[in-house]
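Enquirer: generate a structure from the sequence data that follows.
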Amino acid sequence: MLDAIIWDVDPKAIHWGLNGGIRWYGILWAIGIYLVYWTQVKIYQYEKLPQEWLDILFVWLTLGAILGARIGHCLFYEWHLTNDPIQIFAWTINYRNPYIENPLAMLKIWEGGLASHGGAAGLILAVWAVNKYKFSKKPEYKTSLVWIFDRLVIGVCLCGAAIRLGNLMNSEIYGGPTDLPWGFIFVRDGQTVPCHPTQIYEMLYCLAAFVITVTMYQWGKLYKREGMIFGVFLEIIFGVRFLLEFIKNDQEAFEQGMLLNMGQLLSIPFIIWGIYLIVNALRHEKRRP
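Expert: I've put the predicted structure just below:
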């Protein structure tokens, strides 16, 4: 039985090019986006939906996910202790966010820092925008946001698993110390004791969500109950994420001492939305052509 797994993997797959090389994280993001597209092609073929519809939608979704993940990270996690606290009425603010003062810096994706909650928000805004403004010119393409996500989240599960593998390759976003035999010592991040490899835990629940949503779609035909698949996806992804945060290290210093950290606070609205979608889908079966 292993006492611990020494993790000393080079985060760069290629050591040349922009910023000194190409990281596994970026490659796995690209693979994840391709897997989303691949699953949607299969679904649209199965339901005999127009390929043009998917092509238009996917460009917007890709931009929404990447920009949303980057902007979300900057706004949610980049709060730094300031030497001069700011007084606003009766509140003393000890932290400041440099991106609020320099918003254009949020677009520097190559500097790293992507948040899954921001990516989710970006996807939602992208679907809403393309449905309202792009598909409005072609009424036969217009549908509901939830209808699109009932199909889209199947591929998002695979994308999420790929991204968490990227986090593992970066030796980042892991848990606290553990004496379990599968603990990882993240050497490149300066660790000397085994820690929970929460990146692997999150990969596993993303893959479990993929199996469950595919089963619901293909064998259960639950896409006929609008919102059911999307709702279950939200409960698995953000519900398990909420629980795992209790054993993960804080990503930023300002989270120390918080009853619930930033990841948990951001997960709560998605969990509530998932419950609503499931209850509503059980009450009403919505069929769309």
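Enquirer: tell me where this protein has strands.
Expert: Along the chain, counting by DSSP state E, strands occupy 5-7, 12-14, 22-23, 80-88, 91-96, 184-186.
Enquirer: give me the sheet partners of the shortest one and which way each runs.
Expert: In this case it means strand 22-23. strand 12-14 (antiparallel) (DSSP bridges).
Enquirer: pull the residues that contact the partner strand.
Expert: The set of residues external to strand 12-14 that reach it, using CB atoms under 8 Å, 6 or more residues apart in numbering, is G20, G21, I22, R23, W24, I27. To be clear about C-beta, it is placed using only N, CA and C from the backbone, and glycine gets the same treatment.
Enquirer: how does it look with 6 Å?
Expert: With CB atoms under 6 Å, 6 or more residues apart in numbering as the test, strand 12-14 has contacts from G21, I22, R23, W24, I27.
Enquirer: per-residue pLDDT, I27?
Expert: We have a pLDDT of 94 for I27.
Enquirer: ok, it - contacts?
Expert: I27 makes contact with A13, according to CB under 6 Å, 6+ apart.
Enquirer: same thing with G175?
Expert: Counted by CB under 6 Å, 6+ apart, G175 has contacts C195, H196, T198, I247, K248.
Enquirer: give me the most central residue, the protein.
Expert: The residue lying closest to the centre of the chain (CA atoms, centre = their mean) is S116, at 2.9 Å.
Enquirer: just to revisit the earlier point, for the contacts of G175, give me a markdown table that also has neighbour count.
Expert: Formatted as a markdown table, the contacts of G175 follow (neighbours: other CB atoms under 10 Å):
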| residue | neighbour count |
| --- | --- |
| C195 | 22 |
| H196 | 20 |
| T198 | 22 |
| I247 | 15 |
| K248 | 21 |
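Enquirer: dump those into TSV; add distance to Y223 as well.
Expert: Shown next, in TSV, are the contacts of G175 (distance: CB to CB, whole Å):
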residue	distance to Y223
C195	40
H196	35
T198	31
I247	34
K248	33
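Enquirer: still on that earlier bit, for the residue nearest to the centre of the chain, what are its contacts?
Expert: Under the criterion of CB under 6 Å, 6+ apart, S116 has no neighbours.
Enquirer: and the gap between V9 and F184?
Expert: Remark: distance between V9 and F184 (CB to CB, to the nearest Å) = 10 Å.
Enquirer: grab the CA positions of stretch 70-89 and hand them over as CSV.
Expert: Taking C-alpha atoms only, stretch 70-89 is exported to CSV below (Å, rounded to 0.1, in the frame of the first residue of the first chain):
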residue,chain,number,x,y,z
ARG,A,70,-11.6,34.6,-16.9
ILE,A,71,-13.8,37.6,-15.8
GLY,A,72,-15.3,35.4,-13.1
HIS,A,73,-11.9,34.6,-11.6
CYS,A,74,-10.9,38.2,-11.7
LEU,A,75,-14.0,39.5,-9.9
PHE,A,76,-14.6,36.6,-7.5
TYR,A,77,-11.1,35.6,-6.5
GLU,A,78,-8.6,38.4,-7.1
TRP,A,79,-9.2,40.4,-3.9
HIS,A,80,-6.0,41.5,-2.2
LEU,A,81,-5.3,42.9,1.3
THR,A,82,-4.7,46.7,1.0
ASN,A,83,-2.4,48.7,3.2
ASP,A,84,-4.9,51.5,3.3
PRO,A,85,-8.4,50.2,4.3
ILE,A,86,-11.3,52.0,2.5
GLN,A,87,-14.1,53.5,4.6
ILE,A,88,-17.5,53.4,2.9
PHE,A,89,-20.2,54.7,5.3
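Enquirer: what's the most buried one of the strands of the chain?
Expert: Here the criterion is mean neighbour count by mean count of other CB atoms under 10 Å, and of the strands of the chain the winner is strand 184-186, at a mean of 21.
Enquirer: what count of nearby residues applies to G227?
Expert: By other CB atoms under 10 Å, the residues close to G227 number 27.
Enquirer: identify the residues contacting it.
Expert: Neighbour list for G227: V146, L277, N280, A281 [criterion: CB under 6 Å, 6+ apart].
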